[in-house]
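> Curious how this folds, go ahead:
(chains A and B)
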Amino acid sequence: MSATTAENKVAVASQRQLIWWRFRKHKLALVSAFIVAAFYLVAMFADTIAYTEPFDTQSARSYIPPQPITWFDADGHFHPTVNALKGKRDPRTFKLSYAPDPGETRDLVLFGHGYEYRLFGLIPTDIHLLGVSNSRPQDALFLLGTDQLGRDVFSRLVLASRTSLTIGLVGVVMSLVLGVLLGGISGLYGGWIDVVIQRVIEILRSIPTIPLWMGLAAAVPNSWTPQQVYFAITLIISLIGWTELARVVRGRFLALREEDFITAAELAGASQMRIIFKHMVPSFLSHIIAAVSLALPAMIISETTLSFLGLGLRPPAISWGVLLQDAQNLQTLALAPWLLVVALPVIVVILAFNFLGDGLRDAADPYG
Amino acid sequence: MLAYLIRRVGLAVITIWAITIVTFIILQLPPGDFVDAYVAQASAMGTAISAGEAAALRHAYGLDQSVWVQYYKWMAHIVHGEFGQSFEYGRPVTEVIGDRLWLTILLSIGAIIVTWGLALPIGIYSAVRQYSIGDYIFTFIGFVGLAVPNFLLALIIMYVGLRVFNVSVGGLFSSEFQLAPWSWAKVWDLAGHLPVPMLILALAGTAQLVRIMRANLLDELRRPYVVTARARGLSERRVIMKYPVRAALNPFASTIGYLLPYTVSGSVIISVVLSLPTVGPLLLHSLISQDMLLGSTIILMLGVLTVFGTLLSDLLLMWIDPRIRLGQLK
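Predicted coordinates for the structure are as follows:
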């Protein structure tokens, strides 16, 4: 009995429900969806989560190592504190080093006061997710340490994720427009147009992309504002990134053209536009979403790579690649290994996007 | 077969032509022309270039004429092997590039051989022992290999090498061989330095190929002919290696066309991180200092060599795969 009700449920379920049921089975993809969502939440509230002005340089605070948090006090009560830091200069080498001062602690508080900013660019406020009692956060809180110029790595990392995650989105939208347009034309009309577009894709895919990107990115004038550079870099990346999306769209168009319901719609006298937008697009939308979530991590890697080489976004703009540039040479790594921490969110978000994309791709065709 | 051959060669020619156009655009993009840059560079070095000399240079490259003439003249120079002077080094571009191009090719081809050498057995193992612990471990490593950009991997390995093993993994030669002329000792030294960068470069490609190989072989293993072979009492080794692996290899071989550009791209970046004497660091440096003739020559050479490599692998594939040779496969 229960088996038949389950079968009935499947029989009457909408496509959206079927996709969701299939997607839910892929546990890794489900977890990844939450991770990706969390990353974008962090990007959205980056100003609130950062506790120190990310551009605030302080030569005296250069290369402070990450500061551990003590979660419980001596009585075992939950009472997160950090030790205050004391700078000491080595009398022989004059090297300034920081050590936690066990005698002095600062309470870690939620929603403390810090530097002033505008939430979503609109609401002026100085409330940050983390703060410390009886001190300014920029003097007392260094969760992931500081870089050479004394800027707080945690705050910079949080703000960098905004740039790196959105550059992927903007890039994907641009490649999507190109991919859907060219892939659609290719699949819909076939013939010599299809041949030409397919050859162009083959040519683009047989050229090593990185040297090409480097050449194009190097031509972005130094005088451009960070916003202009941002768009130029996204454009350069998406100019080559569209090929995979176009391939997916074309494949779907070719497969759908043969379907009975398309023939039925044609026989019923539906216009070409109506067939495309009413019948074809809804049935391959899920495939496009899956392809997009697989294209996004590639975009993020591209931006990170270019910026890392010093040809992408340039300081004062901050992105993961710009931050990783600081960790480029061995001397720095030996002196301040915590700068490599930026690698962690890059790897996590790319893995999450890959798993999410895999799950979406499997779920995109829930009838199989 | 002939049609396939003509199609492939034709596509390669068009691709090379497209690469020259893109390279030309990159050459033209920076403000001012490269003679301006040359004059500025020379005067900074203390040797003044007269207006007459500059004009002669401009005329030689057709910079005073339309873009089409410029492209034509530039191409005419390149076809004759004249790539011009590097402003920064004050020497011909080809001389500056020198051995670096061959080291790039060596590194890329080596990485591809490593990719194949690793992906093939791992892919077979993962498919035959599906859902075993080994399969899970390789799948996990594969996903990490796909997710970690190779410059990050190079950076992390460099750090681990320094911290844990106290060795520096950068470079392709020990310091005493860096400027030495080629000798057997130098070649041996190179052979000792190559494996680490090759492995780093090969990891992402390997991860991808293992997944393809595993999926293909799993499909084949479910075929009735495998059951028949087993029922006939063939040894397990023969059952798997004789037919399913060979059938699963075909799509595997055709990915080489995308593997080569991908590997060459990767070699540029990890060479910068690990400071390998390939064209990578030179390209980056020339682009940053706007030494455009050097930079665009490197881009052109990498592109053209990649196309040649892909063409060669296509011909090799045609020789291996009778379905292409007999014109049954599009």
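
> could you point out which element follows the helix of greatest length in chain A?
Residue-count comparison of every helix in chain A, with assignments taken from DSSP state H, identifies helix A:153-189 as the longest. Note on helix A:153-189: by DSSP states H and E, the next helix or strand toward the C-terminus is helix A:191-205.

> Per-residue confidence at the residue in the stretch 51-200 of chain B that chain A sits nearest to, what does it come out as?
Of all residues in the stretch 51-200 of chain B, B:Ala147 sits closest to chain A, at 4.2 Å by Cβ to the nearest Cβ. No exception for glycine: its C-beta is placed from N, CA and C like everyone else's. As summarised for this prediction, B:Ala147 has a pLDDT of 78.

> likewise A:Ile49?
Note for A:Ile49: predicted pLDDT of 77.

> thought it was touching A:Ile127?
No: counting by Cβ atoms under 8 Å, no contact exists between A:Ile49 and A:Ile127, whose distance comes to 11.3 Å.

> where does the stretch 151-300 of chain B come near chain A, residue by residue?
In this structure, the stretch 151-300 of chain B approaches chain A at residues B:151-152, B:155-156, B:158-159, B:162-163, B:168, B:170, B:257-258, B:261-262, B:264-266, B:268-269, B:272-273, B:283-284, B:287-288, B:290, B:295-296, B:298-299, judged by Cβ under 8 Å from any Cβ of the partner chain.

> what's the model's confidence in stretch A:299-315, averaged?
Here the average pLDDT along stretch A:299-315 is 84.

> for that stretch, how far is the first residue from the last?
20 Å (Cα to Cα, to the nearest Å).

> And chain B, is that stretch touching that?
Yes: Stretch A:299-315 comes into contact with chain B (Cβ under 8 Å from any Cβ), by way of A:301, A:304-305, A:308-311.

> Now restrict the residues of the stretch 151-300 of chain B next to chain A to buried residues only.
For those, a burial check counting by 16 or more other Cβ atoms under 10 Å in any protein chain shown picks out B:151-152, B:155-156, B:158-159, B:162, B:170, B:257, B:261-262, B:264-266, B:268-269, B:272-273, B:283-284, B:287, B:290, B:295-296, B:298-299.

> Give me the subset of those lying in strands.
With strands identified by DSSP state E, none of the entries of these belong to them.

> pLDDT value on the residue nearest in space to the middle of chain A, please?
Nearest to the centroid of the C-alpha atoms of chain A, with distances taken as Cα atoms, centre = their mean, sits A:Leu165, at 2.9 Å. Confidence per residue is given as pLDDT, and for A:Leu165 that number is 88.

> ok, now which ones touch residue 307?
No chain specified, so I'll use chain A. A:Ser307 sits next to A:233, A:313-314, A:319-322, A:324-325 when contact means Cβ atoms under 8 Å, 6 or more residues apart in numbering or on different chains.

> nope, chain B
The contact partners of B:Val307, by Cβ under 8 Å, 6+ apart, come to A:206-207, B:12, B:15-16, B:19.

> In helices, which of the residues you listed appear?
With helices taken from DSSP H, the overlap with those comprises B:12, B:15-16, B:19.

> which of the residues you listed lies closest to chain A?
Nearest to chain A out of those is B:Thr15 (Cβ to the nearest Cβ; 4.7 Å).

> and the stretch 251-368 of chain A, which of its residues are near chain B?
Residues of the stretch 251-368 of chain A that fall close to chain B, judged by Cβ under 8 Å from any Cβ: A:297, A:301, A:304-305, A:308-311, A:324, A:327-328, A:330, A:333-334, A:337, A:340, A:343, A:346-347, A:350-351, A:354-355.

> Apply the buried test to those residues and list what passes.
Listed as buried from these are A:297, A:301, A:304-305, A:308-311, A:324, A:327-328, A:330, A:333, A:337, A:340, A:343, A:346-347, A:350-351, A:354-355; burial here means 16+ other Cβ under 10 Å.

> Quick check, the residue in the stretch 51-200 of chain A closest to chain B?
Per Cβ to the nearest Cβ, A:Arg199 is where the stretch 51-200 of chain A lies closest to chain B, at 6.6 Å.

> Quick check: that residue touching B:Ile14?
Yes: taking Cβ under 8 Å as the contact criterion, A:Arg199 and B:Ile14 are neighbours in contact, 7.3 Å apart.

> on that earlier part again, farthest pair within the contacts of A:Ser307?
Every pair in these was compared (Cβ to Cβ); the two farthest apart turn out to be A:Ile233 and A:Leu324, at 15.5 Å.

> average model confidence for whichever strand or helix holds A:Val229?
A:Val229 belongs to helix A:226-257 when elements are defined using DSSP H and E. On average, the pLDDT along helix A:226-257 is 82.

> what do you get for stretch A:203-210?
Model confidence over stretch A:203-210, given as mean pLDDT, is 80.

> hmm, it in reach of chain B?
Yes: using Cβ under 8 Å from any Cβ, we find that stretch A:203-210 touches chain B at A:203, A:205-210.

> Would you mind getting the angle between the helix or strand hosting A:Ala217 and helix A:191-205?
With elements delineated by DSSP H and E, A:Ala217 resides in helix A:209-218, which encompasses its position. In terms of direction (axes from the mean of the first three to the mean of the last three Cα atoms, to 10 degrees), helix A:209-218 departs from helix A:191-205 by 90 degrees.

> before we move on, which element is B:Tyr72 in?
Following DSSP H and E, one finds B:Tyr72 within helix B:67-79.

> Alpha carbons of that helix, as CSV, please.
Taking C-alpha atoms only, helix B:67-79 is exported to CSV below (Å, rounded to 0.1, in the frame of the first residue of the first chain):
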residue,chain,number,x,y,z
VAL,B,67,46.4,48.5,-38.9
TRP,B,68,46.2,46.0,-41.8
VAL,B,69,49.5,47.0,-43.2
GLN,B,70,51.0,46.8,-39.7
TYR,B,71,49.7,43.3,-39.2
TYR,B,72,51.0,42.3,-42.6
LYS,B,73,54.4,43.7,-41.9
TRP,B,74,54.6,42.2,-38.5
MET,B,75,53.6,38.8,-39.9
ALA,B,76,56.2,39.1,-42.6
HIS,B,77,58.9,39.7,-39.9
ILE,B,78,57.7,36.7,-37.9
VAL,B,79,57.5,34.3,-40.8
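
> Mind giving me the packing neighbours of it?
Helices and strands in packing contact with helix B:67-79 are listed as helix B:2-28; criterion 3 or more Cβ pairs under 8 Å, 6 or more residues apart in numbering or on different chains; DSSP states H and E.

> Return the set of buried residues in stretch A:250-268.
Buried positions in stretch A:250-268, judged by neighbour count with 16+ other Cβ under 10 Å: A:250, A:252-253, A:256, A:262, A:265.

> just checking, what packs against the helix or strand harbouring B:Arg237?
In this structure, B:Arg237 is located in helix B:236-242 according to DSSP H and E. Contact here means 3+ Cβ pairs under 8 Å, 6+ apart; on that basis helix B:236-242 packs against helix B:224-231.
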